[in-house]
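# could you work out the structure for the sequence below:
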Amino acid sequence: MVGINDLKLMNYTTIVFLDEIKQSTKRNIIINKILKDDACFFKMSKQDAYEVLEQIGINKSRVGKVYLDLVSEQSFYKLKKDGKIKDSENLVFDNQIENKIFSSRNDSSEKIDYEIEQNQLIEYKESKIRKIINKLLDLFKR
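Numbers count the residues shown, from 1 in each chain. This is a model prediction of the structure:
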């Protein structure tokens, strides 16, 4: 079973590797901030969690299993017992629920950091969509 500490290590290793080959580490630095909260996968949508896991380096065929392990009932109660999930926090258990990561934070500087991180994730998603559209346009031009 892949745990949160394994993910932190994988992400750190990815940052070091990307830095060595002179690639952008922006996304992984954002993920590093997100992973500081051991309960982060309970606070984000399933789609965002899958994207984070894939960016860290989890194989697409294993992402679903890893995600289910991270948000399992056993994980929830362990985090609750350790005080990492509080009763007042808004947790996402259903994709239909619209919720922001770390929405229960009171510190406005953290909310600004969150908004910056979200904007960077949106830019990343938009760039992926642009690449797909450009590939489709190239195919239709042939």
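# give me the low-pLDDT residue ranges for this protein?
Where the chain drops to pLDDT under 70, the residues are 88-128, 142.
# tell me, how many neighbours does Lys33 end up with?
14 (other CB atoms under 10 Å). Where C-beta positions appear, they are placed from N, C-alpha and C, glycine not excepted.
# measure it to Gly64 for me?
Per CB to CB, to the nearest Å, Lys33 is found 24 Å from Gly64.
# what's the answer for Asp82, then?
From Asp82 over to Gly64 (counting by CB to CB), the distance is 25 Å.
# of those two, which one has the most company?
Each of Asp82 and Gly64 has its neighbours counted (other CB under 10 Å); Gly64 has more, 13 against 10.
# excluding its backbone neighbours, what's nearest the more buried one?
Leaving aside its sequence neighbours, Gly64 sits nearest to Tyr50 (CB to CB, 6 or more residues apart in numbering; 7.8 Å).
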